[in-house]
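Participant: All I have is the shape, not the residue letters:
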Ligand SMILES: Cc1cc2nc3c(=O)[nH]c(=O)nc-3n(C[C@H](O)[C@H](O)[C@H](O)COP(=O)(O)OP(=O)(O)OC[C@H]3O[C@@H](n4cnc5c(N)ncnc54)[C@H](O)[C@@H]3O)c2cc1C
């Protein structure tokens, strides 16, 4: 039953994506513009709301279906980075928000009336060491006053709401370093001059920004959960994020493998298809085998997640494996296509740039290795 539903969903997503060919993404990439029509169609199809429970107007699907959707978008040559955050970020609200907060925001997110695409954690002076963020939310009566600076915050211009992680107690206040961080929903439509958004030029079309908070007022009722416990709320969403981004990387790897396989059969040099040469054939086969491995670990992580079982090890490992194999397949594609790999028209170089992102974001693979070293293998902590 589950497999049939997945196959049907896969087919529907494929159909939608077929209306957005390589040329569509190439134009956006060149102009560094947002895939408005694509995101609109995904929203109308209910895909971006897939994890929102039925009681809040969503289809109430599981992570398995979300993984299928994102994998297929990437397998088709598209890029879900413009909107994937909406899928898993509302989990912070769903798991830790009050009934009033859920009733206030989730139905509108489910219908597409509200966009929750921005997620502000990273800061220049903290990097991967999130507990060192210094953006501060100071409580004043029924409001918090936020000041600080974030970097690499994506999709701010295409979002109505932002999930913000800020300190509410200084790091050196004597508590554990993971204490004293809080999560807020910021209504970007009301922020006015208190938020300045400066786009950062990136090697991919990702709508990424530096964001400055200058006495931004956030009502107390927009704080998610308890003050000071925000770090654990953000962490609780990490497994879903890792699994879903692994699915995008799996999709990227499959995209490259499909394209390479087709091209290697068709391109004739020295009177034979290039795919007849083992120097071309074996790297494609190797990438395919490794992609199957990444998918197996991803599927295991999905099964555990949907069963409510602990899955942090599997979620981290599948993110690692999938991002590595996507990058391997990207390089194999560059070799297979020769000079044409670099020609924009073939769509390989764009995907090559996009696939590289997942080795470093939203979590750098070294941090994944350190998670596995410490928490799975019991090796000494390095930080
Ligand atoms: C296109 C893009 C979009 C993004 N969108 C968002 C967003 O919407 N919201 C958001 O909050 N953030 C976003 N980010 C930020 C992203 O999550 C960070 O870039 C990522 O977490 C890594 O942090 P950093 O860049 O500061 O690297 P750093 O932490 O400075 O790390 C640099 C390098 O050092 C390594 N390193 C650091 N410490 C250790 C250690 N102890 N052991 C071994 N190696 C180590 C890392 O693995 C990495 O390779 C985005 C980033 C990019 C590039």
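Facilitator: Arrived safely, thanks for sending. Since the structure is predicted, the reported quantities are computational estimates derived from the model, not experimental observations.

Participant: residues from this structure in reach of the ligand?
Facilitator: Within reach of the ligand by Cβ under 6 Å from any ligand atom, the chain has these residues: 119-122, 127-128, 152-154, 202, 206, 208, 357, 360-364, 366-367, 370, 382-383. C-beta coordinates here come from the backbone N, C-alpha and C atoms, glycine included.

Participant: the residue most distant from the middle of the protein, which is it?
Facilitator: residue 271 (43.8 Å; Cα atoms, centre = their mean).

Participant: Quick check: that one vs the ligand, distance?
Facilitator: Per Cβ to the nearest ligand atom, to the nearest Å, residue 271 is found 44 Å from the ligand.

Participant: Can you flag the buried ones in the residues of the chain next to the ligand?
Facilitator: Among those, those buried by neighbour count (16 or more other Cβ atoms under 10 Å) are 119-122, 152-154, 206, 208, 357, 361-363, 370.

Participant: Return the member of these nearest to residue 313.
Facilitator: Minimum distance to residue 313 across these is 12.8 Å, recorded for residue 370 (Cβ to Cβ).

Participant: Just the pLDDT at that closest one, thanks.
Facilitator: Looking at residue 370, its pLDDT is 97.

Participant: OK, contacts around it?
Facilitator: 382, 383 (Cβ atoms under 8 Å, 6 or more residues apart in numbering).

Participant: ok so, going back, state the pLDDT value of the residue farthest from the centre of the chain.
Facilitator: pLDDT, residue 271: 98.

Participant: can you pull out the helices in the stretch 101-250 of the chain?
Facilitator: In the stretch 101-250 of the chain, the helices defined using DSSP state H, counting those that start in this stretch lie at 230-236, 238-266.

Participant: out of those helices, nearest to residue 218?
Facilitator: Minimum separation from residue 218 across these (Cβ to Cβ) falls at helix 230-236, 12.8 Å.

Participant: from the middle of its chain, how far away would that closest one be?
Facilitator: Relative to its parent chain, helix 230-236 has a centroid offset of 16 Å by Cα atoms, centre = their mean, to the nearest Å.

Participant: what mean pLDDT does it have?
Facilitator: Confidence for helix 230-236, expressed as mean pLDDT, is 93.

Participant: Same check on stretch 140-149?
Facilitator: Averaged across stretch 140-149, pLDDT comes to 98.

Participant: buried stuff in it?
Facilitator: 143, 144, 145, 146, 147, 148, 149.

Participant: Tell me how far the residue lying closest to the first one once chain neighbours are set aside lies from the ligand.
Facilitator: With Cβ to Cβ, 6 or more residues apart in numbering as the measure, residue 217 is the residue that lies nearest to residue 143, at 4.9 Å, once sequence neighbours are left out. When Cβ to the nearest ligand atom is the yardstick, residue 217 and the ligand sit 21 Å from each other.

Participant: One more: residue 287?
Facilitator: Distance, residue 287 to the ligand, by Cβ to the nearest ligand atom: 23 Å.

Participant: In contact with the residue lying closest to that residue once chain neighbours are set aside, which residues?
Facilitator: Take residue 287 and drop its neighbours on the chain: the residue closest to it by Cβ to Cβ, 6+ apart is residue 329, 4.2 Å away. Counting by Cβ under 8 Å, 6+ apart, residue 329 makes contact with 252, 253, 256, 257, 260, 287, 291, 355.

Participant: Just list the residues touching the second one, thanks.
Facilitator: With contact set as Cβ under 8 Å, 6+ apart, residue 253 has these partners: 287, 290, 291, 294, 322, 325, 326, 328, 329, 355.

Participant: Then the third one?
Facilitator: For residue 256, the set of contacting residues under the criterion of Cβ under 8 Å, 6+ apart consists of 287, 326, 329, 330, 332, 333, 348, 351, 355.

Participant: What helix or strand is the closest residue to it other than its chain neighbours located in?
Facilitator: Spatially, and ignoring its direct neighbours in sequence, residue 256 is nearest to residue 329 (3.8 Å; Cβ to Cβ, 6+ apart). For residue 329, the element it lies in under DSSP states H and E is helix 312-337.

Participant: Downstream of that helix, the next helix or strand is which one?
Facilitator: helix 348-356.

Participant: Taking their axis directions, that following helix and helix 312-337 sit at what angle?
Facilitator: Orientation of helix 348-356 against helix 312-337 (axes from the mean of the first three to the mean of the last three Cα atoms, to 10 degrees) gives an angle of 160 degrees.

Participant: Give me the contacts around helix 348-356.
Facilitator: With Cβ under 8 Å, 6+ apart as the test, helix 348-356 has contacts from 25-26, 29, 77, 79, 81, 203-204, 249, 252-253, 255-256, 259, 323, 326-327, 329-331, 333-334, 337, 340-344.

Participant: List buried residues within those residues.
Facilitator: By neighbour count, with 16+ other Cβ under 10 Å, those hold 25-26, 29, 77, 79, 81, 204, 249, 252-253, 255-256, 259, 323, 326-327, 329-331, 333-334, 337, 341 as buried.

Participant: Counting neighbours, what do you get for residue 200?
Facilitator: Counted by other Cβ atoms under 10 Å, the residues lying close to residue 200 total 13.

Participant: now it: how far from residue 32?
Facilitator: Distance, residue 200 to residue 32, by Cβ to Cβ, to the nearest Å: 11 Å.

Participant: again with residue 59
Facilitator: 32 Å.
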